[in-house]
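> Kindly return the folded structure for what I paste below:
(2 chains)
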Protein chains: 2
Amino acid sequence: MKNFYFYNSTKVYFGKDEVNKIGKLSKEFGSNVLLVYGKSSIKKSGLYDRVNKLLKAEGINVFELGGIDPNPRIESIREGGNLCKKHSIDLVLGVGGGSVIDASKGIASAAVYDGDPWDFYSYKVESKGALPIASILTLSATGSEMNGGSVVTNLDTKEKNGWGSPYTNPKFSILDPTLTYSVSKHQTGCGIVDTLTHVYEFYFSNEKSYLNDRICEAIMKTVIHYGPIALEDPNNYEARANLMFSSTLALNGLTGFSKDFEGFNHITEHVLSAYYDIAHGDGLSILAPHWMKHILNEDNIDKFYEFAVNVWGITPDEDKAYVAAQGISSVFSFYRSLEMPLSLKDVGIIDPDFDELAAKSVKRETLGRFVKLTKEDVKDILIFSK
Amino acid sequence: MKNFYFYNSTKVYFGKDEVNKIGKLSKEFGSNVLLVYGKSSIKKSGLYDRVNKLLKAEGINVFELGGIDPNPRIESIREGGNLCKKHSIDLVLGVGGGSVIDASKGIASAAVYDGDPWDFYSYKVESKGALPIASILTLSATGSEMNGGSVVTNLDTKEKNGWGSPYTNPKFSILDPTLTYSVSKHQTGCGIVDTLTHVYEFYFSNEKSYLNDRICEAIMKTVIHYGPIALEDPNNYEARANLMFSSTLALNGLTGFSKDFEGFNHITEHVLSAYYDIAHGDGLSILAPHWMKHILNEDNIDKFYEFAVNVWGITPDEDKAYVAAQGISSVFSFYRSLEMPLSLKDVGIIDPDFDELAAKSVKRETLGRFVKLTKEDVKDILIFSK
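Now for the predicted structure:
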């Protein structure tokens, strides 16, 4: 087990009606709140009115920036940053899914920076601070509600880059599973795949850490158990609650305390969605199973065997290769059962430039830590995904 | 899944040689440190000299209170509190196991209180604050390094009471597994049992929480896997590291985020060790298996079945009662394999006053949440443990 630092500064309020605390919790940071949200869903569901009312009851001035895209654009970050400066914002409150919370982090950082916020996402400058950030989560997927990461897209440069700073963990996040009842089947599936992939990024690692692996398996088993239940019965509280907190724990430090982030799946998916603006979960659903199939070899067969037996319940057998293959096959079947895409064609990507996508993914000599992939490897994975 | 608040303010620095950070980390709180420790072990191991040197290199004035007992006494808390007042202490640094860290919490609270610190432990007054606390852990067991709890014994009143406040989480804790290499076989066994029992206290619950249960199982499996390895090979880093972080996670909020603390094992053990000054782990080792045997019934058989299959690897079978019994039987065998006591006689308690012990344990009508135990139940468990 390698050395690590373990701490998370975000306070989580979890459960039905915890949203009612938003006024008092926000007021602790000041009287000017920038409410950041996406398209129309929080207006339709009544959450927009409810939050506004709760904030105003505490005498808070609510400014707002709506219309954040599912792959949030750098333009929104710039606009939000300027709004914060103009209105002396005390707290940036993201109400929505990962995209909205990611955008809130960029905005809060842009608010205290004189240059262009793309400087952060292109790793040109280090952030020196950020306004306080908070979130009300409406979609279980990215884990952004309890970490400092933020992914933003620049359509001009065809880049979708992940970035974070010590200042961008939300001060608090409210997680009410009932707010995810209205999430569509497809978005629920995307969230399930995103959560699982966050776990894969740490689980598939050459760093040995028994406890870390068992915790990863605990989260994967929960998601696999409750995913189909939530799709079948969207208002099932236990299913929504278990999926929600699983998505939070999958990327809050717990799944990777003594591991390094593998990288392939997220990096290559960011390239795909920067080019084609597909949903992050769709991209991951296409890539991860094909990646597993491509990398399985004699050196890592024990890991895939463990994955098959401990996560997918495959019966242990002396024929390790058979068991390992059954595990990977279970990933394909599970994603198919969620009606998630398994090929580029499924999301309308026909005859892409495989060389260009591979080159954009593999910026150094190789990509990934568990198995180091060359451009040729990534191209192969993409071709098998077509 | 019931509503919950999830946050832990302690920063953990985990791994070999992280102790070298103690000077700089302590200095952030000021220049006067009270070093709290137990008997001679940290002097023998050289840790005492090492920590002193690191603190002094930062210009820190080190005051000290050694000799903390394994079941820390209220007298030590009083003495430490007075030392803090006298020397304007900025940070109370516990170097040792759970007893030393528990004592540090009491001392840091006594330091800012004018009355007798037993007032906290007897629930007469609420603490209004505490000096900053930090720890260097040398024994994997209690989880005190990442929570606010503190257990202190009053021999005058024959009470061993647990208490905590919002101010008593260590600001930071350093967890270096190599510091536990010298822990004796018996103390290692006690730590293993203590960690497992912390998990039982949440796992055995009527609150349904799938994710919570899977995480509990992850920790129990790790401890069961590495316990025997650490006993066999005390300098095995992976074993010591996995046991150490398991003990931290077992009582830092992760195992019980959506559960209530069961209570029987810890409360009755506190009575036992207040009367007989036995090691906490020994008391738990005697009680827990007998408790399981006593409470197993038709209503909770599913939980014990899950425990048997998921934690102890018992083969699933239609005969649930048989599988459940096999699980409990595994607890007995595992504790025996660790050479831990399974009866009161094993720790020299002969012919105790069962009625008195039961009455001290069950202060209200019943004790425990998973199965509500009357005084008669507790007496029966104790008699079967004799």
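
> following the host helix or strand of A:G80, which helix or strand shows up next?
Assignment of secondary structure by DSSP states H and E places A:G80 within helix A:74-87. Next along the chain after helix A:74-87, taking DSSP H and E as the criterion, comes strand A:91-96.

> thinking A:G30 is in contact with A:L91, fair?
Yes: at 6.3 Å, A:G30 counts as touching A:L91 under the criterion of CB atoms under 8 Å. Every C-beta, even on glycine, is put in place using the N, C-alpha and C of the backbone.

> quick one: which of these two has more around it?
Set side by side, A:G30 and A:L91 show unequal neighbour counts under other CB atoms under 10 Å in any protein chain shown, the larger going to A:L91 at 26 against 15.

> Nearest residue to that one in space, please, no chain neighbours.
Taking CB to CB, 6 or more residues apart in numbering or on different chains, and ignoring the residues beside it in sequence, A:L91 has A:F29 as its nearest neighbour in space, at 4.1 Å.

> Next one: the residue nearest the centre of chain A relative to A:K39, how far apart?
Nearest to the mean C-alpha position of chain A, by CA atoms, centre = their mean, lies A:T142 at 2.2 Å. Taken as CB to CB, to the nearest Å, the spacing of A:T142 relative to A:K39 amounts to 17 Å.

> returning to what we had before: show me what the helix holding A:G80 is packed against.
strand A:32-37, strand A:61-65, helix A:98-110, helix A:118-121, strand A:149-154 (3 or more CB pairs under 8 Å, 6 or more residues apart in numbering or on different chains; DSSP states H and E).

> okay, the angle between the first one and helix A:98-110?
Compare the direction of strand A:32-37 with that of helix A:98-110 by axes from the mean of the first three to the mean of the last three CA atoms, to 10 degrees and you get 150 degrees.

> Likewise for the last one?
Using the same axes, to 10 degrees, the interaxial angle of strand A:149-154 with respect to helix A:98-110 works out to 90 degrees.

> Which elements pack onto strand A:149-154?
Other elements packing on strand A:149-154 under the criterion 3+ CB pairs under 8 Å, 6+ apart are helix A:74-87, helix A:98-110, helix A:118-121, strand A:159-164, helix A:264-276.

> Make a markdown table out of those and add mean pLDDT and distance to B:I77.
Output for these, formatted as a markdown table (pLDDT from 0 to 100; distance: least, CB to CB, whole Å):
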| stretch | mean pLDDT | distance to B:I77 |
| --- | --- | --- |
| helix A:74-87 | 98 | 48 |
| helix A:98-110 | 98 | 43 |
| helix A:118-121 | 97 | 48 |
| strand A:159-164 | 92 | 42 |
| helix A:264-276 | 93 | 50 |
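
> Out of these, which one sits most buried?
Most buried of the helices and strands packed on strand A:149-154 by mean neighbour count (mean count of other CB atoms under 10 Å in any protein chain shown) is helix A:98-110; its value is a mean of 30.

> Now do that one against helix A:74-87: the angle between them, please.
Comparing the axes of helix A:98-110 and helix A:74-87 via the same axes, to 10 degrees yields an angle of 50 degrees.

> and helix A:98-110, how far from the chain's centre?
Centroid displacement of helix A:98-110 relative to its chain, using CA atoms, centre = their mean, to the nearest Å, is 13 Å.

> Just list what it packs against, helices and strands only.
For helix A:98-110, where contacts count as 3+ CB pairs under 8 Å, 6+ apart, the packed elements are strand A:32-37, helix A:74-87, strand A:91-96, helix A:118-121, strand A:133-137, strand A:149-154.

> Restricting to C-alpha, output that helix in PDB.
These are the backbone C-alpha positions of helix A:98-110, laid out as PDB (Å, rounded to 0.1, in the frame of the first residue of the first chain):
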ATOM      1  CA  GLY A  98     -22.000  17.100 -12.600                       C
ATOM      2  CA  SER A  99     -21.800  19.500 -15.500                       C
ATOM      3  CA  VAL A 100     -23.500  22.200 -13.500                       C
ATOM      4  CA  ILE A 101     -21.300  21.600 -10.500                       C
ATOM      5  CA  ASP A 102     -18.100  21.400 -12.600                       C
ATOM      6  CA  ALA A 103     -19.100  24.700 -14.200                       C
ATOM      7  CA  SER A 104     -19.700  26.200 -10.700                       C
ATOM      8  CA  LYS A 105     -16.100  25.300  -9.800                       C
ATOM      9  CA  GLY A 106     -14.700  27.000 -12.900                       C
ATOM     10  CA  ILE A 107     -16.900  30.100 -12.300                       C
ATOM     11  CA  ALA A 108     -15.900  30.400  -8.700                       C
ATOM     12  CA  SER A 109     -12.200  30.200  -9.800                       C
ATOM     13  CA  ALA A 110     -12.700  32.600 -12.600                       C
END
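
> that older thread, let me have the helices and strands packed on helix A:98-110 in TSV, extended by distance to A:L338.
Putting these into TSV (distance: least, CB to CB, whole Å) gives the following:
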stretch	distance to A:L338
strand A:32-37	27
helix A:74-87	30
strand A:91-96	22
helix A:118-121	31
strand A:133-137	21
strand A:149-154	22
